[in-house]
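**Q** structure of the sequence below:
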Amino acid sequence: MHTTIIITFGLILLALVLFIGERLGFGRQALSYGFIGLWLALTVINGAVGMVTAHQPLREELAVGSLVFAVPVLALVCYLVLTKA
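**A** Numbers count the residues shown, from 1 in each chain. So this is what the prediction gives:
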């Protein structure tokens, strides 16, 4: 359940970054790099917290963290491909 919540948070964060960033006049490339960097940092922090508080092994956190990171990034790629402007 926690993984689903974090992935949903990532998708909401992506939507906010794209919506607010485009309204402020940032280019898609800058928004993409910014979101990927921010999401990578948040995913690593989430994995570290999972290792410390829930005592999850590193191997499991890497597997789940890869999925958590990949889903919003794939959504970003789909958005960029489908809305070429």
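
**Q** hey, let's count contacts and neighbours off CA atoms from now on
**A** Noted.

**Q** average pLDDT for stretch 7-25?
**A** Stretch 7-25 shows a mean pLDDT of 97.

**Q** and the strands in the protein?
**A** For the chain, no strands are identified by DSSP state E.

**Q** distance check, the most centrally placed residue in it against Ile6.
**A** The chain has Trp39 as the residue nearest its centroid, 3.8 Å off, counting by C-alpha atoms, centre = their mean. Distance, Trp39 to Ile6, by C-alpha to C-alpha, to the nearest Å: 11 Å.

**Q** what of Gln56?
**A** Distance, Gln56 to Ile6, by C-alpha to C-alpha: 16 Å.

**Q** more neighbours: these two, which one.
**A** Under the neighbour definition other C-alpha atoms under 10 Å, Gln56 and Ile6 were set side by side, and Ile6 has more, 17 against 14.

**Q** pLDDT score for the closest residue in space to that one that isn't next to it in sequence?
**A** Among residues not flanking Ile6 along the chain, Val68 sits closest, at 7.0 Å (C-alpha to C-alpha, 6 or more residues apart in numbering). Listed pLDDT for Val68 reads 97.

**Q** neighbours of Val68, how many?
**A** By other C-alpha under 10 Å, 23 other residues sit near Val68.

**Q** which residues are in contact with it?
**A** If a contact means C-alpha atoms under 8 Å, 6 or more residues apart in numbering, then Val68 has Thr3, Ile6, Ile7, Thr43 as its contacts.

**Q** good, wrapping up.
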